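> Starting from these lines, generate the structure:
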Amino acid sequence: MKNLNNKVAAITGAGSGIGRALAILLAQKGCNLALADVNESGLAETGQLLSAYPVKVTQTRLDVSDEQAVYQWADDVEAEYGKVNIIINNAGVALSGTVAGLSLDEYRWITDINFWGVVYGTKAFLPKLEKSGEGQVVNVSSIFGLASQPLMSGYNATKFAVRGFTESLRQDLELTNSCVSSTCVHPGGIKTNIAKAARMSDSCETATGVSNDAATADFEKLFINTPEKAARTIVNGIEKNKRRVLIGPDAKMFDLLVRLLPAAYQKIFTLAVKMKGKQQSGKTA
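Residues are numbered from 1 along each chain as shown. Prediction:
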C-alpha cells in the first residue's frame with residue numbers, strides 16, 4: 001500500500017502517544033481516519049489537532065476488551081466510510097509484579113486488553129479489509145515481545161502473544177493469497193504515559209527494594225524515542241509491507257541480544273535489576 005491518499009485507517013489507542021502521532025501523520029498523507037480510545041478527552045484533543053487537515057475523521061469511545069463493542073465499531077466504520085484499508089491495533093496497558101504477587105484478575109485484565117483487544121480488532125476488520133481490495137493489519141507488540149524482563153510476566157506474555165499471532169496471521173494471508181497483509185510492530189521506550197498508567201504490584205518493591213514511584217521514574221528515563229518517530233517508522237513499514245518493524249536503537253539492541261544470547265540474556269536483565277535495587281538502597285541508607 002504505497003499510496004495512502006484517500007485510504008481509510010482505523011486506529012485504537014488514538015487519544016495519545018503513538019496512536020495520536022499515527023493519526024496526524026496519516027492525515028498529512030491524505031488518509032481518512034476512524035479513531036478510537038477509552039479516554040474520551042484525549043480522543044477529543046486528537047480530533048482537534050486533526051481539524052487542520054482535509055480528511056474525514058470520526059471518534060469513538062472504545063474499550064478494546066469488549067468484543068461486541070469492537071465488532072460494532074468495525075461495522076460502523078465500514079458503514080460510515082464505505083471501506084476500510086488499515087486497522088492499527090495500538091491500544092495497550094502495562095502491568096508489573098512478580099508472578100507470585102500478581103492476581104489472576106490482574107493477568108486477565110492485561111490479557112483482555114493487550115491480547116484479546118488485538119484479536120478482536122484483527123478479526124472484526126479483516127473481512128472488511130479484504131473487501132476493500134487492499135489492506136494492512138498492524139498490530140503493536142513491544143520490545144518486551146522480543147525479550148522477557150523480570151517483574152513483567154503479564155506484559156511479556158501478552159506482547160509475545162501479539163507477536164506470535166501477527167506473524168502467523170501474515171503466513172495465513174500469504175498462504176491464502178489474500179489482498180491483505182500484516183505487520184508486527186516492536187517499539188522500544190517511547191515517551192508516552194504508559195508507565196504512569198501502569199498497574200504495579202507491591203511485590204515489585206518487595207523483590208527489588210525500589211519503591212514503585214522510583215521504579216516508574218527510572219523506567220521513564222529509558223524512554224528515548226518520540227511518538228512522532230514511532231509513527232514515521234510504522235507508516236514506512238506499512239508502505240513497504242514489512243513483516244516486522246523495530247522502533248528505536250533499544251529495540252534493535254534487544255533483537256540482537258536475543259539472537260546472540262537466546263537464553264543467557266535473562267541473567268543479564270535479572271542482574272541489572274538487582275544492581276539497580278542495591279544502588280537505590282545505598283541512596284536511601
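
> Tell me where the protein has helices.
17-28, 40-49, 67-81, 104-110, 116-132, 153-175, 202-208, 212-220, 227-239, 249-260, 265-284 (DSSP state H).

> Out of those helices, which is the most enclosed?
Highest mean neighbour count of the helices of the chain: helix 17-28, a mean of 24 (counted as mean count of other CB atoms under 10 Å). Every C-beta, even on glycine, is put in place using the N, C-alpha and C of the backbone.

> still on that earlier bit, compare the helices of the chain and give me the one nearest Ala34.
helix 67-81 (4.3 Å; CB to CB).

> Can I get that closest one as CSV, trimmed to CA atoms?
Coordinates of each C-alpha in helix 67-81 appear next as CSV, following Å, rounded to 0.1, in the frame of the first residue of the first chain:
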residue,chain,number,x,y,z
GLU,A,67,-15.6,-8.0,21.9
GLN,A,68,-19.1,-6.8,20.9
ALA,A,69,-18.1,-3.2,21.0
VAL,A,70,-15.1,-3.7,18.8
TYR,A,71,-17.2,-5.6,16.2
GLN,A,72,-19.8,-2.9,16.3
TRP,A,73,-17.1,-0.2,15.8
ALA,A,74,-15.8,-2.1,12.7
ASP,A,75,-19.3,-2.3,11.3
ASP,A,76,-19.8,1.4,12.0
VAL,A,77,-16.6,2.4,10.3
GLU,A,78,-17.4,0.5,7.2
ALA,A,79,-20.9,2.0,7.0
GLU,A,80,-19.5,5.5,7.5
TYR,A,81,-16.7,5.4,5.0
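
> That helix: how far from the chain's middle?
20 Å (CA atoms, centre = their mean, to the nearest Å).

> So which elements touch that helix?
Applying 3 or more CB pairs under 8 Å, 6 or more residues apart in numbering; DSSP states H and E, one finds that helix 67-81 contacts strand 8-12, strand 32-37, strand 57-61, helix 116-132.

> Ok, which of the ones you listed comes nearest Gly188?
Evaluated over the helices and strands packed on helix 67-81, closeness to Gly188 peaks at helix 116-132, with 19.2 Å, by CB to CB.

> so where is the stretch 101-250 of the chain shaky, pLDDT-wise?
Across the stretch 101-250 of the chain, the ranges flagged by pLDDT under 70 are 191-198, 208-224.

> sorry, back to before: quick one: closest of the helices and strands packed on helix 67-81 to Ala91.
Here strand 8-12 is closest among these (CB to CB), at 4.0 Å.

> So which elements touch the closest one?
Where contact means 3+ CB pairs under 8 Å, 6+ apart, strand 8-12 is packed against helix 17-28, strand 32-37, helix 67-81, strand 86-89, helix 116-132.

> In CSV, list the ones you listed along with distance to Ser51.
Shown next, in CSV, are the helices and strands packed on strand 8-12 (distance: least, CB to CB, whole Å):
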stretch, distance to Ser51
helix 17-28, 10
strand 32-37, 12
helix 67-81, 18
strand 86-89, 21
helix 116-132, 25
